[in-house]
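S.K.: Build me a model:
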Amino acid sequence: MKIKYSLITRRNFLNGLLGGWAAALMASFISPALKFVFPPYREPDEVILPWSEYKDMSPNSTKIFPWGSKPGIFKQNDDGTHTAFVGVCTHLDCNVTYIPDQRKFFCACHDGWYDENGIQIAGPPPTPMRKLEITIEGEDLIIRKPGVKVE
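M.R.: Numbers count the residues shown, from 1 in each chain. So this is what the prediction gives:
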């Protein structure tokens with residue numbers, strides 16, 4: 001039935017509504033698959049941070065820094081050395097936090113635990129946390145992927 005001054009019939013309206021719903025449903029299935037095949041981000045080879053923000057850290061403490069779209073963790077060890085990790089769990093990329101009094105890293109997603117050196121000790125993580133290389137040049141703290149050549 002068409003109303004006297006209507007530009008569209010009820011059937012065309014309902015067909016358009018159903019078609020829009022079907023297109024949205026298909027997009028919700030296709031979008032995650034495309035993000036898996038073509039990741040929307042690229043992990044950096046290195047980040048350069050101001051050394052002044054990190055040099056006065058207390059022993060057994062950590063500070064978060066940006067590592068692409070993931071967090072990085074810069075750790076001040078008790079002996080004055082430094083360690084840097086990619087701050088995500090190796091199980092499903094959940095964020096990891098450092099618990100100083102237990103000297104462990106913890107992933108809350110699936111109860112994953114790492115020791116202070118990033119080695120998995122409990123839970124589902126299959127591999128140790130990824131370590132990053134640290135270089136201090138003047139006033140710059142340079143954190144790199146392992147094996148990246150210095151230019």
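
S.K.: tell me the centre residue of the protein?
M.R.: In the chain, the centroid-proximal residue (C-alpha atoms, centre = their mean) is Lys70; its distance is 2.9 Å.

S.K.: Just give the nearest non-adjacent residue to it, would you?
M.R.: Val88 (5.2 Å; C-beta to C-beta, 6 or more residues apart in numbering). From N, CA and C alone the C-beta is placed, and that goes for glycine too.

S.K.: Surely the one you found is in contact with Cys94?
M.R.: Yes - between Val88 and Cys94 there is a contact under C-beta atoms under 8 Å: 6.5 Å.

S.K.: circling back to that earlier point, just list whatever residues bridge to the residue nearest to Lys70.
M.R.: Judged by DSSP bridges, the bridge partners of Val88 are Asn95.

S.K.: what about it, distance to Thr62?
M.R.: Distance, Val88 to Thr62, using C-beta to C-beta, to the nearest Å: 14 Å.

S.K.: and what of Gly138?
M.R.: In terms of C-beta to C-beta, Gly138 sits 24 Å off from Thr62.

S.K.: Give me the more crowded residue out of these two.
M.R.: Thr62 (20 against 6; other C-beta atoms under 10 Å).

S.K.: Now the helix or strand where that one lies: average pLDDT?
M.R.: According to DSSP states H and E, Thr62 maps onto strand 61-67. For strand 61-67, mean pLDDT is 89.
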